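Visitor: generate coordinates for the sequence data below:
(chains A and B)
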There are 2 protein chains.
Amino acid sequence: MTGRHFLQIPGPTNVPDRVLQAIGRPTIDHRGPDFAELTHGVLAGLKKLCDCSGDVFLYPASGTGAWEAALVNTTSPGDTVLMYETGHFAKLWSELAQNLGLKAQIIPGSWRSGADANAIADALKQDPDHQIRAVCVVHNETSTGCVSPIDDVRAALDATGHPALLLVDTISSLGSIPYSHDRFGADVTIGCSQKGLMLPPGLSFNAVGAKAMEAAKQARMVRSYWSWPAMAAANRSGAFPYTPSTNLLFGLREALAIFEEEGLASILARHSRHAAATRAAVAAWGLETVCTTPNHHSSSLTAVFLPEGHSADAFRAVVLKTFNMSLGNGLSRLADKVFRIGHLGDFNDLMLAGTLSGVEMGLALCQAPHRAGGVQAALAHLQKSLP
Amino acid sequence: MTGRHFLQIPGPTNVPDRVLQAIGRPTIDHRGPDFAELTHGVLAGLKKLCDCSGDVFLYPASGTGAWEAALVNTTSPGDTVLMYETGHFAKLWSELAQNLGLKAQIIPGSWRSGADANAIADALKQDPDHQIRAVCVVHNETSTGCVSPIDDVRAALDATGHPALLLVDTISSLGSIPYSHDRFGADVTIGCSQKGLMLPPGLSFNAVGAKAMEAAKQARMVRSYWSWPAMAAANRSGAFPYTPSTNLLFGLREALAIFEEEGLASILARHSRHAAATRAAVAAWGLETVCTTPNHHSSSLTAVFLPEGHSADAFRAVVLKTFNMSLGNGLSRLADKVFRIGHLGDFNDLMLAGTLSGVEMGLALCQAPHRAGGVQAALAHLQKSLP
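Guide: Purely as a prediction, here's the structure:
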């Protein structure tokens, strides 16, 4: 295959060359003097990005590890956690909670919108004894492209006076969709490297507020690798309680420098504009997005139904083979029905134009019923919304 | 600082340029067709390297994570594990076990030799009810430079007829010191990326035999991220249960290719020869190694006492500042008394000559009592033992 691969799954995302080069630098002594500076720098950068005045704990692990970390530091065996099933990833998180011996009280969702704060409020009202230890919400559900209104969930907690912690998965939203740990009132924010942060997978983190740190003191779930207090103690001197993922930290430092250069506001506006252009293309093709709630549309990715009777996986295979582009697959109940276009991370107008062109030509090659002109519609949106 | 940094801590080790370049390649879709080939290839390569006919489960995590994985998959809350305290890292592993709610029955060691198989046999004999679920031994203790005779430990288990599992930490021995999961009769082998495997930190694994897989079915410790069955199910199709550390896997594939090219026998002989040359230098300097048991000397690293009243940390700081070389520090009870020379991974005669020259000049600069001529003695050993 000639030319660059178009990695348009909704993460891992395209990693900027300068980040890859940083990752390819020689490994250094993780107990040496240069390392502490690296640690302090990346932790401060992540705190700023999450807008968290508490602590950030960074793990050599996938996002799934940071899910586990958030739960084992805040709960005790048998505790109940209230989890809103926005889609496949929220479901995986609830299965993880059950694996850990927690009672996952699941609010089923339609998989076509973000979390419904009213449903969460109702569930909290039916828990006058405060058995629910934490409310777990996925900010941007990567399987559906729906965003949950975290501020509304916080308001639901506050209105009912329920003391449960609010744990928010920002794995595919952070750095792509507006989020603030402090302003939204999250207790734990869960994030990882391979989405908006423009890094390969392998790093994940918890941003932790004061109330959650206090809860960690009471929590009786067994924990060692994920333990916040051990991490906090080591981080103070710029160290980690075990060997950190040095080369990915080099990459993180570089990625955070890129955030500083472009500016978060401009990055978020770029994501929003590319998502709107993508939706313009989908509408012009006459196809349907998974998300049906207008103000829940994701700026990170767009999940699209193929017309009934057409295989989304066959379509993705044709696009990969013919145009060297990876699109995301439909997951779980959306398998083979849906493809997902990732437009997050290190991205620009012409990459989006190429991406949507691959989708449009792929639809034609697969004889999937659609109207041409989606690319044209996207370009029109891009032109009229140039920054 | 001009020239290349000498990273002579006993891991993370110097990463070959071609491995760094592999890690710096663009990230790919972890659910795409190329990825399955990558997964199957690296798992087969690790199985071969461990000489394990069972399964290998690879985690996006540090070695500490693989320690935790080995325990949570094989034990139940309150179980006893017999742990031989060969040094700082064995101690950390026993603390981890205690964090997980296990009873760690610790056999104290001198920190100047590997595990004593007779002491393990005695402990097993005093456990007629078979309360001990697992025997945990560190093959190469990175804090002391002492190697434990795993085959003798296996023989002790067999002689007493005790059914405990044998869990072996090969973090700083695999690919540097002869080891065979199958021949040594290990049930779980724990390894990670940043030592003899010549990779940056961030990957770790369990090699698992049939008896341990069977034990995992009965084990009741809560687990999710580390769960072997979930990993086994996903690996079958070349996938992982969650996003793997793609770019480090690129590096692992390249590192395993290097192992094939140089050949494991030749790599192990190289490590043994460099360790012997290093000990020749230490003897010529008139200094004392931490390891006092001749057949327990490590081929990965050499830990050396500075003469009483001299600070090993001050010495290391002088060496770093003057010669751009990182040496390992003394840990825990050896703090400030010991420095450690890593001679494992991607290494050669002239790098060793440079390393030992830095130590010899550093000793002189710090006015630490010693005789000159250590480098000369090492060179003599290298010359007479040229392959």
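
Visitor: wait, doesn't residue A:356 sit right on residue A:374?
Guide: Yes. In this structure residue A:356 lies within contact range of residue A:374 using CB atoms under 8 Å: 6.1 Å. Using the backbone N, CA and C atoms, a C-beta is placed for each residue, glycine as well.

Visitor: overlap in contacts, these two.
Guide: Contact with both residue A:356 and residue A:374 is made by residues residue A:281, according to CB atoms under 8 Å, 6 or more residues apart in numbering or on different chains.

Visitor: which one of those two has more residues nearby?
Guide: A direct count of neighbours by other CB atoms under 10 Å in any protein chain shown for residue A:356 and residue A:374 places residue A:356 higher, at 28 against 24.

Visitor: distance of that one from residue A:350?
Guide: Residue A:356 sits at a distance of 11 Å from residue A:350 (criterion: CB to CB, to the nearest Å).

Visitor: just residue A:228 next, same as before
Guide: Residue A:228 is 43 Å from residue A:350, by CB to CB.

Visitor: between the two, which is the more surrounded one?
Guide: More crowded of residue A:228 and residue A:350, by other CB under 10 Å: residue A:228, with 24 against 9.

Visitor: so who does residue A:240 touch?
Guide: Taking CB under 8 Å, 6+ apart as the test, what residue A:240 contacts is A:30, A:39, A:58, A:231, A:234.

Visitor: with residue A:114 instead?
Guide: Shown in contact with residue A:114 (CB under 8 Å, 6+ apart): A:86, A:141, A:146-149, A:293, A:296.

Visitor: redo that, cut-off 10 Å
Guide: With contact set as CB atoms under 10 Å, 6 or more residues apart in numbering or on different chains, residue A:114 has these partners: A:84, A:86-87, A:137-141, A:144-150, A:152-153, A:291, A:293, A:295-298.

Visitor: which stretches in the stretch 51-200 of chain A count as strands?
Guide: For the stretch 51-200 of chain A, the strands defined by DSSP state E, counting those that start in this stretch cover A:55-60, A:80-85, A:103-108, A:132-138, A:140-141, A:146-147, A:165-169, A:188-192.

Visitor: what's in contact with the fifth one?
Guide: What it means is strand A:140-141. Taking CB under 10 Å, 6+ apart as the rule, strand A:140-141 contacts A:10, A:84-91, A:109, A:111, A:113-115, A:146-148, A:169-174, A:176-177, A:179, A:195-196, A:290-291, A:296, A:298-301, A:303, A:344.

Visitor: before we move on, back to that, pull out the buried members of the contacts of residue A:114.
Guide: Using 16 or more other CB atoms under 10 Å in any protein chain shown as the burial test, the contacts of residue A:114 include A:84, A:86-87, A:137-141, A:144-150, A:152-153, A:291, A:296-298 as buried.

Visitor: in a strand, residue A:304, correct?
Guide: Yes. Assigned with DSSP: H, G, I helix; E, B strand; the rest coil, residue A:304 falls within a strand.

Visitor: identify the bridge partners of it.
Guide: residue A:289, residue A:339 (DSSP bridges).

Visitor: distance check, it against residue A:330.
Guide: Taken as CB to CB, the span from residue A:304 to residue A:330 is 10 Å.

Visitor: how far away is residue A:365 from chain B?
Guide: Separation of residue A:365 from chain B (CB to the nearest CB, to the nearest Å) stands at 18 Å.

Visitor: domains in chain A, by residue range?
Guide: The record's domain parsing of chain A by automatic domain parsing lists A:6-13+A:263-384, A:17-260.

Visitor: ranking those domains by burial, who's on top?
Guide: domain A:17-260 (a mean of 22; mean count of other CB atoms under 10 Å in any protein chain shown).

Visitor: can you tell me, leaving aside adjacent residues, what's nearest to residue A:365?
Guide: For residue A:365, ignoring the flanking residues on the chain, the nearest one in space by CB to CB, 6 or more residues apart in numbering or on different chains is residue A:318 at 5.4 Å.

Visitor: may I ask which helix or strand encompasses that neighbour?
Guide: helix A:312-323 (DSSP states H and E).

Visitor: now do whichever helix or strand comes after that helix: distance to the chain's middle.
Guide: Downstream of helix A:312-323, the next assigned helix or strand under DSSP H and E is strand A:325-329. From the chain centre to the centre of strand A:325-329 is a distance of 17 Å (CA atoms, centre = their mean, to the nearest Å).

Visitor: mind giving me the packing neighbours of strand A:325-329?
Guide: Contacts defined by 3 or more CB pairs under 10 Å, 6 or more residues apart in numbering or on different chains; DSSP states H and E place strand A:325-329 against strand A:6-8, strand A:301-305, helix A:312-323, strand A:338-342, helix A:349-365.

Visitor: what is the third one packed up against?
Guide: Counting contacts by 3+ CB pairs under 10 Å, 6+ apart, helix A:312-323 packs against strand A:6-8, strand A:301-305, strand A:325-329, strand A:338-342, helix A:349-365, helix B:33-50.

Visitor: contacting residues around it?
Guide: Taking CB under 10 Å, 6+ apart as the rule, helix A:312-323 contacts A:1, A:3, A:5-6, A:8-9, A:303-306, A:311, A:325-330, A:334-340, A:354-355, A:357-359, A:361-363, A:365-366, A:368, B:29, B:31-34.

Visitor: quick revisit: with distance to chain B and pLDDT added, can I get the contacts of residue A:240 in CSV?
Guide: Output for those, formatted as CSV (distance: CB to the nearest CB, whole Å; pLDDT from 0 to 100):
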residue, distance to chain B, pLDDT
A:30, 7, 95
A:39, 14, 98
A:58, 12, 98
A:231, 12, 98
A:234, 12, 97
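
Visitor: and the two most separated of the residues you listed?
Guide: Greatest spatial distance in those: A:30 and A:231, 14.2 Å, computed using CB to CB.

Visitor: thought residue A:350 was touching residue A:375?
Guide: No. Using CB atoms under 10 Å, residue A:350 is not in contact with residue A:375, being 11.8 Å away.

Visitor: and residue A:18, what pLDDT?
Guide: pLDDT for residue A:18: 96.

Visitor: residue contacts, it?
Guide: A:198, A:251, A:254-255, A:257-258, A:346.

Visitor: how much space between it and chain B?
Guide: 11 Å.

Visitor: spit out the contact partners of the residue nearest the centre of chain A.
Guide: Nearest to the mean C-alpha position of chain A, by CA atoms, centre = their mean, lies residue A:172 at 1.6 Å. Residue A:172 is in contact with A:10-11, A:13, A:63, A:89, A:138-143, A:145, A:147, A:191-192, A:194-196, A:298, A:300-301, A:342, A:344-345, counting by CB under 10 Å, 6+ apart.

Visitor: try residue A:4
Guide: Residue A:4 neighbours (CB under 10 Å, 6+ apart): A:14, A:324, A:351, A:354, B:26.

Visitor: residues contacting the fourth one?
Guide: Put plainly, it is residue A:354. A:3-4, A:6, A:8, A:323, A:325, A:348, A:375.
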